[in-house]
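Colleague: Sharing a model that was predicted from the sequence below.
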Amino acid sequence: MREWTFPHFRAAFAFMTQVALLAERLDHHPDWSNSWNRVAIRLCTHDAGRVVTSLDVELARRISAITD
């Protein structure tokens, strides 16, 4: 799991929107949570028994590209 902290809710929500669009393109959706300015994302593939697969790695790479 990885967690990000943003200056305010609006920035956290904008990040979640970007991640949602990435996830839709890959047809692979993360487990995540948001509390005001924090977003936590856990990547695993439910259909594979909640293990990390190549889709999780690719989504993580794309998320990192917009945050790092």
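Modeller: Sure thing, it's come through. Numbering: from 1, shown residues only.

Colleague: okay, CA-based contacts and neighbour counts for the rest of this
Modeller: OK.

Colleague: Which of the three states applies to the residue positioned nearest the centre of the chain?
Modeller: Centroid-nearest residue in the chain: residue 41, 4.8 Å away (criterion: CA atoms, centre = their mean). Secondary structure state of residue 41, per DSSP: H, G, I helix; E, B strand; the rest coil, is strand.

Colleague: any idea how far it is from residue 11?
Modeller: The gap separating residue 41 from residue 11 is 16 Å, by CA to CA, to the nearest Å.

Colleague: Mind pulling up the pLDDT for the residue nearest to the centre of the chain?
Modeller: pLDDT for residue 41: 97.

Colleague: Was I right to think it contacts residue 35?
Modeller: No - if you go by CA atoms under 8 Å, residue 41 and residue 35 don't touch, sitting 12.0 Å apart.

Colleague: Tell me the buried residues in the lowest-mean-pLDDT helix or strand in the chain?
Modeller: Lowest on mean pLDDT, DSSP states H and E among the helices and strands of the chain sits helix 54-67, with a mean of 95. Neighbour counts over helix 54-67 (16 or more other CA atoms under 10 Å) mark 55, 56, 59, 60, 63 as buried.

Colleague: can you check stretch 27-39 too?
Modeller: 28, 29, 30, 34, 38, 39.

Colleague: Which members of these define the maximum pairwise distance?
Modeller: Using CA to CA, the buried residues of stretch 27-39 reach their maximum pairwise distance at 28 and 38, which is 21.5 Å.
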